[in-house]
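Engineer: From the sequence below, what's the structure:
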Amino acid sequence: MSTPARRALTAVALVVTLGLTGCASSFPADPDGTLDRVTGGALRVGISPNGDWTDMTDGGEASGIEVSLVEDFAEGIDAEIEWIEGGEEKLFTDLAAGRLDMVIGGLTDTTPWTDKAAITQPFDQVMTADGKTVKHVMAAAMGENAFLVELEQFLLTQESAP
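Structural biologist: Numbering: from 1, shown residues only. I've put the predicted structure just below:
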């Protein structure tokens, strides 16, 4: 190979290497910065009442299995929770629009909202009265992968994880 051709090949290799280095800066990433914003800040959680999983009192107090999990998660990232109660359609619309950071409500892995949200891996499973296994999940904003990974890592450490 001639010297000019070798120089050109080296230059191309250098450009490709530098380009790939820039692409690998921080994965997973949050395009909207959710994890950075909520850490030490406010975690906006949509809650749809659903029996033992999630409930809201008339005074605005949240309770339930998933509420306890979210409270522990928020404590771990030093976040204050802002509970926003509503029906699933409104909450998932708000999640997709960036007005919420996550949604809970006794959701299962068969949730129809997968086109509006990133769904966690199942964190609990229960047997229904008819003998079927139901796997419970939470929802986060699509594309906010650093936040989703942080949430899933937390959920995996909990006793209820399947």
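
Engineer: Can you pull the phi/psi pair for Glu80?
Structural biologist: phi -90, psi 140 (degrees, to the nearest 10).

Engineer: For it, list the residues it contacts.
Structural biologist: Residues near Glu80 by CB atoms under 8 Å, 6 or more residues apart in numbering: 41-43, 74. C-beta: built from backbone N, CA, C; applies to glycine.

Engineer: Of those, just the buried ones, PyMOL syntax please.
Structural biologist: Only the buried entries of these go into this PyMOL selection, using 16 or more other CB atoms under 10 Å:
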select buried, resi 43+74
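
Engineer: Just the contacts of Glu80: which are in helices?
Structural biologist: The helices, defined by DSSP state H, take in Ala74 from the contacts of Glu80.

Engineer: Pipe the contacts of Glu80 into JSON lines and attach pLDDT per row.
Structural biologist: Converted to JSON lines, the contacts of Glu80 look like this (pLDDT from 0 to 100):
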{"residue": "Gly41", "pLDDT": "97"}
{"residue": "Ala42", "pLDDT": "98"}
{"residue": "Leu43", "pLDDT": "98"}
{"residue": "Ala74", "pLDDT": "98"}
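
Engineer: Next, the residue nearest to Thr128 when sequence neighbours are not counted: secondary structure please.
Structural biologist: Take Thr128 and drop its neighbours on the chain: the residue closest to it by CB to CB, 6 or more residues apart in numbering is Val134, 5.7 Å away. Secondary structure state of Val134, per DSSP: H, G, I helix; E, B strand; the rest coil, is strand.

Engineer: With Leu69 instead?
Structural biologist: Strictly by three-state DSSP, Leu69 counts as helix.

Engineer: got a list of what the closest residue to it other than its chain neighbours touches?
Structural biologist: Excluding the flanking residues, the one nearest Leu69 by CB to CB, 6+ apart is Gln158, at 6.3 Å. Contacts for Gln158 (CB under 8 Å, 6+ apart) come out as 69, 72, 123.

Engineer: Give the buried subset of these as a ChimeraX selection command.
Structural biologist: Restricted to buried positions by 16+ other CB under 10 Å, the ChimeraX selection for these reads:
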select :69,123
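
Engineer: which other residues reach the helix or strand hosting Leu91?
Structural biologist: Leu91 is located in helix 88-96, with elements delineated by DSSP states H and E. Residues outside helix 88-96 that contact it (CB under 8 Å, 6+ apart) are 46-48, 84, 86, 100-103, 105, 113, 116-117, 139-142.
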